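Undergrad: Build me a structure from this.
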Amino acid sequence: MDARTLEPAALHLLRRQVVQAIRGGMSQTDAAHTFTASLRAVSTWRRLDREGGLRALTLKRRGRRPGGGRLNAKRAVRIRSLIVGKLPDQLKLPFYLWTRAAVASLIAREYGIKVSLVTVGRYLRAWGLSPQKPVRRAYERNDAAIARWLKQEYPMLARQAKREHAAIYWGDEMGLRSDHVTGTSYAPVGHTPVIRATGQRFGCNMISAITNKGALAFMVFQGKFKAPVFAEFMKRLLKQIDGRIYLIVDGHPVHRFGTATRFAATHSSRLRLIRMPGYCPELNPDELLNQDVKTNGLGKSRPTTRTELMDTVRSHLYRRQKQPHVITNLFREPHVRYAA
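TA: As a prediction, the model looks like this:
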């Protein structure tokens, strides 16, 4: 038996059994035969026992030490900080994302060291980095305003809503198309599956608002999203819900001007319209409902007319109204958990 093929725990147990047998008077040759280990291995284990006792038999980690290699610790720390802090194009490298080839080019440029892609992969794992799908962020984002929203503005709004016994609704709108397809389908390798659907393209729009308690209000409509449409949605919201409402929306122009803002001002005793910082849709929990509608509502159907499309969307949203736990679960996603 080759002891090197054993799992670490099994090998450690074998070492202890051999050494204890030798301590009990068994010869090394007999121990090697009895435990089906090589005489050389038995001799090594016995030497370790004499020098350090049973503790010396503890297995050391196999393979090259993490972070070891041609880069010393100081250089490795600097390369990691460049990867985490900037994108390749910001460092004037001909890459859009951090790949192993991009990291190899960075190491070669900074220190004149050529390393293989395999070695780069080992470095990245040792540095706690893994390949991940990036999230798009707009250049226009105001990170300072977003930080204030998370740390100061929203916590203050939540406290005010609690004092006023107001319900906090998160609102958003989106467009839906008849040719939207989600998910995957099994098919023979090299043969892309084909989904039959109408060649006509048509769409509709929806506006919705949800709370972390599981409430959902929505409106499905045709045409563009304009201020009168938003005002009509707020009007329905006031009819459906008793008490004061805090409605949080994004920075869409419709939310800032015209009929919608006048309606909110007229009904300020019951309705407070609040705008989030711009270009941070990931912080709005209602965006997750939009994804749910596209994936689990529209994505699993093939409407042939606009009426059928709108009926499909309404049916899915009516179902979600009867499933408050599904809406509540949306607020458990890491990036919107602050609103839970």
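Undergrad: So in the chain, which strand runs the longest?
TA: Longest strand of the chain, by residue count under DSSP state E: strand 167-177.
Undergrad: just checking, next helix/strand downstream of that strand?
TA: As assigned by DSSP states H and E, the chain's next helix or strand after strand 167-177 is strand 203-210.
Undergrad: Give the buried residues for that following strand.
TA: In terms of neighbour count (16 or more other C-beta atoms under 10 Å), strand 203-210 has its buried residues at 204, 205, 206, 207, 208, 209, 210. For glycine as for every other residue, the C-beta is placed from the backbone atoms N, C-alpha and C.
Undergrad: Excluding chain neighbours, what is closest to the second one?
TA: In other words, residue 205. residue 175 (5.1 Å; C-beta to C-beta, 6 or more residues apart in numbering).
Undergrad: ditto for the fifth one
TA: The shortest distance from residue 208 to any non-neighbouring residue, by C-beta to C-beta, 6+ apart, is to residue 218 (4.1 Å).
Undergrad: Send over the helix or strand containing that neighbour as PDB, restricted to the C-alpha atoms.
TA: Per DSSP H and E, residue 218 falls inside strand 216-221. C-alpha atoms of strand 216-221 as PDB (Å, rounded to 0.1, in the frame of the first residue of the first chain):
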ATOM      1  CA  LEU A 216     -48.100  44.700  -3.300                       C
ATOM      2  CA  ALA A 217     -50.000  47.200  -5.400                       C
ATOM      3  CA  PHE A 218     -49.700  47.400  -9.200                       C
ATOM      4  CA  MET A 219     -51.100  48.800 -12.400                       C
ATOM      5  CA  VAL A 220     -50.600  47.300 -15.900                       C
ATOM      6  CA  PHE A 221     -51.100  49.800 -18.800                       C
END
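Undergrad: Does anything pack onto it? Which helices or strands?
TA: With contacts taken as 3 or more C-beta pairs under 8 Å, 6 or more residues apart in numbering; DSSP states H and E, strand 216-221 sits against strand 203-210, helix 227-240, helix 306-321.
Undergrad: try 10 Å this time
TA: Here strand 216-221 touches strand 167-177, strand 203-210, helix 227-240, helix 286-292, helix 306-321, helix 324-330, going by 3 or more C-beta pairs under 10 Å, 6 or more residues apart in numbering; DSSP states H and E.
Undergrad: Nearest to residue 105, out of the ones you listed?
TA: helix 286-292 (36.1 Å; C-beta to C-beta).
Undergrad: Enumerate residues external to the closest one that contact any of its residues.
TA: Helix 286-292 is contacted from outside by 169-176, 182, 206-211, 216, 218, 248-250, 281-282, 284, 299, 316-317, 320, 326-327, 329-333, 335-336, using C-beta atoms under 10 Å, 6 or more residues apart in numbering.
Undergrad: Buried residues in it, which are they?
TA: Applying 16+ other C-beta under 10 Å to helix 286-292 flags 286, 287, 288, 289, 290, 292 as buried.
Undergrad: repeat for stretch 214-222
TA: Buried residues in stretch 214-222 (16+ other C-beta under 10 Å): 214, 215, 216, 217, 218, 219, 220.
Undergrad: again with stretch 300-319
TA: 301, 303, 309, 310, 312, 313, 314, 316, 317.
Undergrad: Of these, which pair is most distant in space?
TA: Maximum pairwise distance in those, criterion C-beta to C-beta, is 14.9 Å, between 303 and 317.
Undergrad: Report the residue spans of the stretch 101-250 of the chain with pLDDT below the cut-off.
TA: Scanning the stretch 101-250 of the chain for pLDDT under 70 picks out 138-139, 181-185, 195-199.
Undergrad: still on that earlier bit, output the helices and strands packed on strand 216-221 as CSV; include the columns distance to residue 136.
TA: Listed next are those as CSV, based on distance: least, C-beta to C-beta, whole Å:
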stretch, distance to residue 136
strand 167-177, 17
strand 203-210, 23
helix 227-240, 26
helix 286-292, 13
helix 306-321, 25
helix 324-330, 21
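Undergrad: who wins for proximity to residue 102 among those?
TA: Taking C-beta to C-beta, helix 286-292 is the member of those nearest to residue 102, at 30.4 Å.
Undergrad: now that closest one: mean pLDDT?
TA: Averaged across helix 286-292, pLDDT comes to 96.
Undergrad: From the chain's centroid, how far away is that helix?
TA: Computed by C-alpha atoms, centre = their mean, to the nearest Å, the chain-centroid distance of helix 286-292 equals 15 Å.
Undergrad: Just the C-alpha atoms of that helix, please, in PDB.
TA: Output in PDB follows, covering the C-alpha atoms of helix 286-292 (Å, rounded to 0.1, in the frame of the first residue of the first chain):
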ATOM      1  CA  ASP A 286     -39.100  46.600  -6.300                       C
ATOM      2  CA  GLU A 287     -36.500  46.000  -9.000                       C
ATOM      3  CA  LEU A 288     -36.500  42.400  -7.700                       C
ATOM      4  CA  LEU A 289     -40.200  42.100  -8.300                       C
ATOM      5  CA  ASN A 290     -39.600  43.300 -11.900                       C
ATOM      6  CA  GLN A 291     -37.100  40.500 -12.300                       C
ATOM      7  CA  ASP A 292     -39.600  38.000 -10.900                       C
END
